[in-house]
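Participant: sharing a sequence plus its predicted fold:
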Amino acid sequence: MVSDQGQPKNVCVIGAGPSGLVAARELRKEGYSVVVLEQNHDVGGQWLYQPNAETEDPLGRNKFLNVHSSIYNSLRLVSPREIMGYTDFPFLMKKGRDMRRFPGHKELWLYLKDFCEWFGLREMIRFNTRVEYVGMLDYGEFGKDLKWVVKSKEKSAEKVVEEVFDAVVVATGHYSQPKMPSIKGMDVWKRKQMHSHIYRVPEPFRNEVVVIVGSSLSGQDISMEIVEVAKEVYLSVRSFEITEGLSKVISKHQNLHLYPQIDSLHEDGRVQFEDGSCVIADTIIYCTGYSYTFPFLDTKGMVVVDDNRVGPLFEHTFPPSLAPSLSFIGIPRKLIGFPFFESQAKWIAQVLSGKRRLPSWDDMMKSINEFYHSRELAGVPQCNTHDIADFQYCDKYADYSESPRLEEWRKELCISALVNSFANLETYRDSWDDDDLLQQALQTPHFTQFGPPQP
């Protein structure tokens, strides 16, 4: 559905996190009546910390999760604050708040609340409202005048509310649904198993023997935190080719050990590794990432999640058979999120309004298949389809809506922080050597548009 249909009047945005908020703002700029449905009591999405995760299934086996946020209490940003802001709303330090360059998660949540208030977005949001179903309402010839039925339920209400929208923007994030490995004996191992989705603080693991599966960002963070209270921590990794920073951490702690992947689990508490060694553990924490999931969405098979690839999506955003009335924002990973979400939001809003046109169905499908083929040739597993890690792609994407391209200082500061984190995992958030570049960035219009920074 890529032909002109007249401007949609009513648009539903699902989720009031970083991508949903900026989508609502851009859609309103184009004159739409926008309703944002948010399952929690406030904005922020993943950044709205939920300290009590006890109600969640520890391995994430429920269709609808009770807990959305996967943030743990001590989490600090992995990117410096100055690169993270939307283009017209810098992430400035504020007196009386967390003024560190790599602040804790609460500071980013407060930034999103500030963004919401500054642009008057709260009036569009229905809080404590979970979307239970989104499906097509087909009028006449298929693909023309396509509308969407959205069924939602407020937490305190019994009744499901059914509404019809001209377009739906899915902005539900992708760091909530645990992605679990398949390990022989998982179902018979009687001790504690949990995904990092519900990890919050280290104290419950005091004096325990803990196996942590995966050396991703969360695996590294949680290992460094738990090692201070646990008896022993075994970090199970896919490859022993680890960063210099992680190597330094391991050499510093006598009770932190690097082990290969798990071969099998046994009823008596044994964890057997692929090299034949084994330990008796009290707890296994799976830091194995997250899966894309849209349990509310019924597209009659036109959009599917297959091995963590959401598709087919033109530029990770529009499903060709349902575009532009259905779109996704915030699917791509491994990029500077907020500016990218903003360029996505602008493009979606402009396509819906008719200011921009999408290619034909054939051309979109050709582009998608060429992209899949290029990833395959590059040896990228299908499950990493949406991992971008490419500034050139972000620039190309911004051009679709004539959004500003990423500033060079953002790119350089991003790379600088990554390099520092690889070398100095424990200290990079508090010690760096790119101050000259940082001071240059702070003199750019991005930061001076609101006057001088607070001392």
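Facilitator: Here it is on my side, so go on. Residues are numbered from 1 along each chain as shown.
Participant: my read: Lys63 touches Phe294, true?
Facilitator: No: if you go by CB atoms under 8 Å, Lys63 and Phe294 don't touch, sitting 11.1 Å apart. In short, each C-beta sits where N, CA and C put it, glycine included.
Participant: neighbour count: these two, which is higher?
Facilitator: Legend: neighbour count by other CB atoms under 10 Å for Lys63 and Phe294, higher for Phe294 (18 against 8).
Participant: part of a helix, is Met438?
Facilitator: No, residue 438 isn't Met; it's Leu. Yes: judged by DSSP: H, G, I helix; E, B strand; the rest coil, Leu438 forms part of a helix.
Participant: and the nearest residue to Ala441 once chain neighbours are set aside, what element?
Facilitator: Sequence neighbours aside, Trp409 is the residue nearest to Ala441 in space, at 4.0 Å (criterion: CB to CB, 6 or more residues apart in numbering). Using DSSP states H and E, Trp409 sits within helix 408-423.
Participant: then Val305?
Facilitator: strand 304-306.
Participant: give the pairing partners of that strand; include direction for each.
Facilitator: Its sheet considered, strand 304-306 pairs with strand 309-311 (antiparallel) by DSSP bridges.
Participant: downstream neighbour of the partner strand in the secondary structure list?
Facilitator: Remark: after strand 309-311, the chain's next helix or strand is strand 326-328, criterion DSSP H and E.
Participant: give me the mean pLDDT for that following strand.
Facilitator: The predicted model assigns strand 326-328 a mean pLDDT of 98.
Participant: run through who's touching it.
Facilitator: Residues outside strand 326-328 that contact it (CB atoms under 8 Å, 6 or more residues apart in numbering): 148, 167-171, 299, 303, 310, 313, 316-319, 348, 351.
Participant: now the buried members of the residues you listed.
Facilitator: Buried subset of the contacts of strand 326-328 (neighbour count, 16 or more other CB atoms under 10 Å): 148, 167-171, 303, 310, 313, 316-319, 348, 351.
Participant: pLDDT below threshold where in the stretch 1-150 of the chain?
Facilitator: Scanning the stretch 1-150 of the chain for pLDDT under 70 picks out the ranges 1-8, 139-144.
Participant: please, where are all the helices along it?
Facilitator: 18-29, 105-118 (DSSP state H, counting those that start in this stretch).
Participant: of all these, which gets the most neighbours per residue?
Facilitator: Comparing the helices of the stretch 1-150 of the chain by mean neighbour count (mean count of other CB atoms under 10 Å), helix 18-29 comes out on top with a mean of 26.
Participant: for that helix, which outside residues touch it?
Facilitator: Counting contacts by CB under 8 Å, 6+ apart, the residues outside helix 18-29 that touch it are 11, 13-14, 16, 34, 36, 38, 43, 45-47, 86, 112, 115-116, 119, 121, 124-125, 169, 171-173, 329-330, 337-338, 341-342, 344-346, 348-349, 352.
Participant: give me the distance from it to the chain's centre.
Facilitator: With CA atoms, centre = their mean, to the nearest Å as the basis, helix 18-29 stands 17 Å off its chain's centre.
Participant: could you give the angle of that helix to helix 105-118?
Facilitator: 10 degrees (axes from the mean of the first three to the mean of the last three CA atoms, to 10 degrees).
Participant: when you give positions from now on, start the count at 669
Facilitator: From this message on, residue numbering opens at 669, which makes the last subject helix 686-697.
Participant: can you show me the CA trace of helix 686-697 as CSV?
Facilitator: The C-alpha trace of helix 686-697 is given here as CSV (Å, rounded to 0.1, in the frame of the first residue of the first chain):
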residue,chain,number,x,y,z
PRO,A,686,12.6,7.4,23.6
SER,A,687,11.4,6.4,20.1
GLY,A,688,7.7,6.7,20.9
LEU,A,689,8.0,10.2,22.4
VAL,A,690,9.9,11.6,19.4
ALA,A,691,7.4,9.8,17.1
ALA,A,692,4.5,11.5,18.8
ARG,A,693,6.2,14.9,18.5
GLU,A,694,7.0,14.6,14.8
LEU,A,695,3.5,13.2,14.0
ARG,A,696,1.9,16.1,15.8
LYS,A,697,4.1,18.5,13.8
